[in-house]
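*Asks:* Return a 3D structure for these sequence lines:
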Amino acid sequence: MTMDSLVSLLAQSLNANTFQRLILSQPLQATPGSVQKVTVRPIEISGVATYHWSARIGTQEKHENLTAEQFRLRAKATFGQAFGDAHLFTQEADFTLRKRPRGPLKVKRAPSSRAPQSLADHNREKQYLIPVGKPCPFLIEVGIMMSDGKVRPAMYHKFRQINRYLEFVDDILQYLPAEGTLNVVDFGCGKSYLTFALHHLLTKIRNRTVSIVGLDLKEDVIDDCTQIAKRLSCQGLRFEVGRIESFQPDVFDPSGTVHLTVSLHACDTATDDALAAAIRWQSDAILAVPCCQHELNESLRRDVMPGITGFGILRDRFASMATDALRAKLLEVKGYKTQILEFIDLEHTPKNILLRGIRRKVADPDGDSYRIAAFEKLKADLQLGTWRLEQALT
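*Replies:* This next block holds a predicted model:
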């Protein structure tokens, strides 16, 4: 076959309305800022068949909508020049084309691996809580979205991360009071993209009254967030400079009730301080995304699984996973039903673990005995004495 084989096969599938997807991969020149992968799928815009060209550059994606002719020309100019592999999926068959410098073109055909789909099926975008195309004031203010509702290509990963976070929050609303003001603390809020997202979800989408405090050590960051909140007239949202262990929940009401405690990317043992505070307050729900974790890495004995911990990078990763397991087990001991979930794909951030704790409403003495035993066994396996989260709770 010739180098025009992809264009020919592509044209046949487009003319017969059997095209499903094209993936271009294996860059022939890996240079900084070059496109690493292209995915093309059919969509429908105002009743017209269009082809969504998505090019990945690092952790960013650039999106374009092309006509059939533009799509064919772009594929012809790209395959064999920028990419060595092409995977064409149609309703009739799957095709893999491979071209290497100074090597022959190789083409393989296999039975179709994808179920037949209509254009409407392809056009069914993921339904985000904050949708694409609808202007969202706080996303515009922080530079993620443009005034017309389009997401800036360089910020698409952040847009997906925000929506993924809101899905987690939306899932746990059933465990929070159904009426009245929801009291929320966001420890280590930083630039507060997710704090503003949380406020938007609760007030604009779920129509709840809130009292949310974003806490961080950096005065300039808190000043910026406060000004944004004022410009957006965010009722019930305020930002404060302060340390986690010093924060007093009686800012909400005399009882110090905190319904939801959030800690996203608080560094090292700051996550433990946040979890300890939430446990002491008996928060109804806890969401924590740990960041760097050094405590266990530094204290882990050399004879604990030396086949793994004898390698520096593996020791670090093992210590991080063990730390999160200890946190989850201790949350269970302290009365929480706990899950460890993937926050967002690893390709966007290596810090992708989310701890979710929901406070149990019914006493379970038998279960408590089992949970304590499981926690103590994990500590024994790690040859670990008292550690930061335990110390913070004593």
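*Asks:* The lowest-mean-pLDDT helix or strand in the chain: what's the following helix or strand?
*Replies:* Taking mean pLDDT, DSSP states H and E as the measure, the chain has helix 119-122 as its least confident helix or strand, at a mean of 52. As assigned by DSSP states H and E, the chain's next helix or strand after helix 119-122 is helix 137-141.
*Asks:* Show me what counts as buried in that following helix.
*Replies:* Residues Pro137, Phe138, Leu139 are the ones in helix 137-141 that count as buried (16 or more other CB atoms under 10 Å). To be clear about C-beta, it is placed using only N, CA and C from the backbone, and glycine gets the same treatment.
*Asks:* How about stretch 86-102?
*Replies:* Here stretch 86-102 shows Ala86, His87, Leu88, Phe89, Thr90, Asp94, Phe95, Leu97, Arg98, Lys99 as buried, counting by 16+ other CB under 10 Å.
*Asks:* from the residues you listed, which is closest to Arg360?
*Replies:* Nearest to Arg360 out of the buried residues of stretch 86-102 is Phe89 (CB to CB; 46.8 Å).
*Asks:* one step back: farthest pair in the buried residues of stretch 86-102?
*Replies:* Thr90 and Lys99 (19.6 Å).
*Asks:* Now do the helices in the stretch 101-250 of the chain.
*Replies:* Remark: helices assigned in the stretch 101-250 of the chain by DSSP state H, counting those that start in this stretch are 119-122, 137-141, 156-172, 193-200, 219-231.
*Asks:* pretty sure Glu64 contacts Thr50?
*Replies:* No. Using CB atoms under 8 Å as the test, Glu64 is too far from Thr50 to be in contact (9.9 Å).
*Asks:* more crowded one of the two?
*Replies:* Thr50 (19 against 15; other CB atoms under 10 Å).
*Asks:* what secondary structure does that one sit in?
*Replies:* Following DSSP: H, G, I helix; E, B strand; the rest coil, we place Thr50 in the strand state.
*Asks:* Distance of it relative to Gly149?
*Replies:* 18 Å (CB to CB, to the nearest Å).
*Asks:* pretty sure Ser25 contacts Lys37?
*Replies:* Yes. If you go by CB under 8 Å, Ser25 and Lys37 touch, sitting 5.2 Å apart.
*Asks:* neighbours around Arg21, how many?
*Replies:* 16.
*Asks:* For it, give me its contacts.
*Replies:* Thr39, Val40, Arg41, His87, Leu88, Phe89, Arg114 (CB atoms under 8 Å, 6 or more residues apart in numbering).
*Asks:* Lowest-confidence member of these, which is it?
*Replies:* Ranked by pLDDT, those bottom out at Arg114, which has 69.
*Asks:* where exactly do the strands run in the stretch 251-394 of the chain?
*Replies:* 260-264, 285-289, 336-342, 353-359 (DSSP state E, counting those that start in this stretch).
*Asks:* Output the first one as CSV, nothing but the C-alphas.
*Replies:* Right, strand 260-264. Presented in CSV, the C-alpha positions along strand 260-264 are these (Å, rounded to 0.1, in the frame of the first residue of the first chain):
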residue,chain,number,x,y,z
LEU,A,260,-17.9,19.5,55.6
THR,A,261,-14.2,19.7,56.0
VAL,A,262,-12.0,19.9,52.9
SER,A,263,-8.3,19.7,52.5
LEU,A,264,-6.9,19.7,49.0
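*Asks:* mean confidence for that strand?
*Replies:* 94.
*Asks:* how distant is it from the center of its chain?
*Replies:* 15 Å (CA atoms, centre = their mean, to the nearest Å).
*Asks:* for it, packing partners?
*Replies:* If you count contacts as 3 or more CB pairs under 8 Å, 6 or more residues apart in numbering; DSSP states H and E, strand 260-264 packs onto helix 156-172, strand 182-187, helix 193-200, helix 270-281, strand 285-289.
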